[in-house]
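Peer 1: Quick check, what structure comes out for this input:
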Amino acid sequence: MAYYIKKKLWQIDGLRPTPEKIYYRRRTVLKKLGIISGGLLGGSTLLSGCTQKPNREKSNPEQPGVISNHFNFDGMADLYPARRNEKYALDRPLTDEYHATHKNNFYEFISRQDPDIYNVYKFVSDFENRDWKIEVSGLADNTGTFYLEDLIKKMGLEERTYRFRCVERWSMAVPWTGFPLAKLIKYFAPKNEARFVAMVSYSNAEQMEGVRNLTHYPWPYSEGLTMEEATNELAFMATGLYGKPIPKQNGAPIRLVVPWKYGYKNIKSIVKITFTDQQPKTFWNQVAPTEYPFTSNVDPSVPHPRWSQAFEQMIPDGEKRPTLKYNGYEKLVAHLYT
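Peer 2: Residues are numbered from 1 along each chain as shown. Got it, this is the predicted structure:
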């Protein structure tokens, strides 16, 4: 299927907005000049709080005095774009950013107003992700509740280009920004008896129409990996896309990327991580266990019960390509399944 996008006025060449990084950086310059947060305004608190926990209820930097529902922290704009890790170079061109951010299957945001389940980008404005925390529990030494801001600063960021394959056969190639899941797991120090990593997505019926209306689904969305899968070098926690913080419809502010598995394993908007010795229940496996097994590796020789997986169709033009075993990452992950 081909997808045709009509340009809007703000997409016309020559009418581009100021790049985000430059926009945010102007505040840093103004602070140094003493024009913001004291300085020439007569305040003496320009440097107050530097050694304290940042104020999590701060105003939106784009509109002073207005509380934003977008995840953000001081200095975040300077982290993007991150340096690209060339080890993960691709065999195909990157998907256009517009299409990668406007074809998203995120069931929490499916709306009765629009029958197209991929138009979730229209219905994410109420999603509150400003003050993001992740609860870590289970068989690990370092558990508790962690601010995502602190984790990002501790882990650091890099960019990786990965193939992305949906179970419904469409595929993309996108540049994710984030950090290795293995690095995060090491920080939480799981115990030897931990065999699985379970994850849970944010779920709020007031902010998410799909959660509110699709009451027959087992919310919140949940997924899991074996410890071996989770610590594989490919497993990635993404906080950005196309050199910018990740959009809400793509799983802001943090999501999992495991490029050798079908897309539904790549859980979005993560709020809980649990280390366990039992295989965790997962969302789609509970809905249709014969169609969505726990492992869910990309495999052209294993058809979905309702369609073949022998080929994929690239977004946006529908170009057909043969499906690659483990989505082309066989050398790095095949040993996990011997």
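Peer 1: next helix or strand past the top strand by length along the chain?
Peer 2: When the chain is parsed with DSSP state E, its longest strand is strand 170-180. Downstream of strand 170-180, the first helix or strand assigned by DSSP states H and E is helix 181-188.
Peer 1: Partner strands of the helix or strand following that following helix, with direction?
Peer 2: Of the helices and strands lying after helix 181-188 in sequence (DSSP H and E), the nearest is strand 196-201. As defined by DSSP bridges, the strand partners of strand 196-201 come to strand 222-226 (antiparallel), strand 270-276 (antiparallel).
Peer 1: Dump those strands to TSV, plus mean neighbour count, distance to Asn192 and mean pLDDT.
Peer 2: Heads up, the C-betas are built off the backbone N, CA and C, glycines and all. Output for these, formatted as TSV (neighbours: other Cβ atoms under 10 Å; distance: least, Cβ to Cβ, whole Å; pLDDT from 0 to 100):
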stretch	mean neighbour count	distance to Asn192	mean pLDDT
strand 222-226	22	14	98
strand 270-276	21	11	99
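Peer 1: what is the mean pLDDT for the longest strand of the chain?
Peer 2: Mean pLDDT, strand 170-180: 98.
Peer 1: Could you grab the helix/strand/coil label for Arg163?
Peer 2: Following DSSP: H, G, I helix; E, B strand; the rest coil, the label given to Arg163 is strand.
Peer 1: Any regions of the stretch 151-300 of the chain where pLDDT drops low?
Peer 2: Along the stretch 151-300 of the chain, the model assigns pLDDT under 70 to no residue.
Peer 1: Write down the beta-bridge partners of the residue nearest the centre of the chain, one by one.
Peer 2: Nearest to the geometric centre of the chain sits Arg255, at 3.0 Å (Cα atoms, centre = their mean). Beta-bridge partners recorded for Arg255 (DSSP bridges): Ala238.
Peer 1: In contact with it: list those residues for me.
Peer 2: Contact analysis of Arg255 by Cβ atoms under 8 Å, 6 or more residues apart in numbering lists Met237, Ala238, Ile246, Asn266, Ile267, Lys268, Ser269, Ile270.
Peer 1: so His335, which of the three states?
Peer 2: His335 - assigned by three-state DSSP - is helix.
Peer 1: er, Trp284 I mean
Peer 2: Relying on three-state DSSP, one would call Trp284 helix.
Peer 1: ok, back up a step: out of the contacts of Arg255, flag the one nearest to Asp299.
Peer 2: Asn266 (16.5 Å; Cβ to Cβ).
Peer 1: Compute the number of surrounding residues for the residue lying closest to Asn232 once chain neighbours are set aside.
Peer 2: Spatial nearest neighbour of Asn232, excluding adjacent residues (Cβ to Cβ, 6 or more residues apart in numbering): Val333 at 6.0 Å. Counted by other Cβ atoms under 10 Å, the residues lying close to Val333 total 22.
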